[in-house]
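Undergrad: Provided below for reference: sequence and predicted model.
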Amino acid sequence: MLLFVFIEKPVTMDDLMTEIKNLDYKLTNGLKDIEYQIKLRKMYPDGKPLIENISITSNELKFDFPINTSADLFYFLDSLNDQDYRDVMLKRCKQLGGTTSAKMVRNIWKFLFSPDIQKLLNWSGQNDKIRIENSRLFSLVEGATLQTFPTATLNTISDITKIYFQNVKTRLKKKNFESTDDIENSCY
């Protein structure tokens, strides 16, 4: 393969080697991302998230997800202090996948907590809610997303999380509306 480099100013051999390494890194990561996207599209042409074969037992997870009770929520948050359990949860969250980093972040939050429990959390911890920012919980979501999508940024993951939790009330209203609608339709 021939590579042509046009030089406008004198460049040292170290500068050229650094530039070649940077290009190689960008090409390698770009190819990995393309291969991952092709794999997803072949396996799930309708865009469903990739869930690989899971070798994690339900005993290792400790909970039935999504978490539905505040008691389980507090026990889960306490369990994240254990490094071994965090590693198990990191592996499980990475398996949730998504076609983009934003979808993966939403998949993880949806997997972890029901909307009724999500309303107990917010980014800053205001209004007597559990703070997500700078927590082990957020580092779990961040770690799983960054390991799956290395080009994702902390700002993107943070922004998606903030928006996700700002919309909890909307999801709850929709959930309540759908369940009411089901009751009404079942009467006919």
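TA: Happy to help now that I have it.

Undergrad: give me the number of residues near A144?
TA: A count of neighbours around A144, defined by other C-beta atoms under 10 Å, yields 24. Using the backbone N, CA and C atoms, a C-beta is placed for each residue, glycine as well.

Undergrad: element containing the closest residue to A102 other than its chain neighbours, please.
TA: Of all residues beyond its chain neighbours, the one nearest A102 is I160 (4.9 Å), with distances taken as C-beta to C-beta, 6 or more residues apart in numbering. For I160, the enclosing helix or strand under DSSP states H and E is helix 154-166.

Undergrad: List the buried residues of that helix.
TA: For helix 154-166, burial by neighbour count (16 or more other C-beta atoms under 10 Å) applies to 156-158, 160-161, 164-165.

Undergrad: so what does it touch, helix or strand wise?
TA: Based on contacts counted as 3 or more C-beta pairs under 8 Å, 6 or more residues apart in numbering; DSSP states H and E, the elements that helix 154-166 packs against are helix 101-112, strand 121-122, helix 136-148.

Undergrad: which one of those lies closest to L90?
TA: Comparison of those against L90 by C-beta to C-beta identifies helix 136-148 as nearest, at 5.5 Å.

Undergrad: what angle sits between that closest one and helix 101-112?
TA: 140 degrees (axes from the mean of the first three to the mean of the last three C-alpha atoms, to 10 degrees).

Undergrad: residues touching the residue nearest to A102, list them.
TA: Taking C-beta atoms under 8 Å, 6 or more residues apart in numbering, we find I160 in contact with 101-102, 105-106.

Undergrad: Check L90 and give its pLDDT.
TA: In the predicted model, L90 carries a pLDDT score of 94.

Undergrad: Now it: which helix or strand?
TA: helix 83-96.

Undergrad: Quick one: neighbours of D15, just the number.
TA: One way to gauge burial is a neighbour count; for D15, by other C-beta under 10 Å, it gives 12.

Undergrad: Within the helices and strands, which one has it?
TA: Here D15 is assigned to helix 13-43, by DSSP H and E.

Undergrad: hmm, back to that, tell me which of the helices and strands packed on helix 154-166 approaches R86 most closely.
TA: Closest of these to R86 is helix 136-148, at 6.4 Å (criterion: C-beta to C-beta).

Undergrad: Just want the angle from the closest one to helix 83-96.
TA: Our comparison of helix 136-148 with helix 83-96, counting by the same axes, to 10 degrees, yields an angle of 50 degrees.
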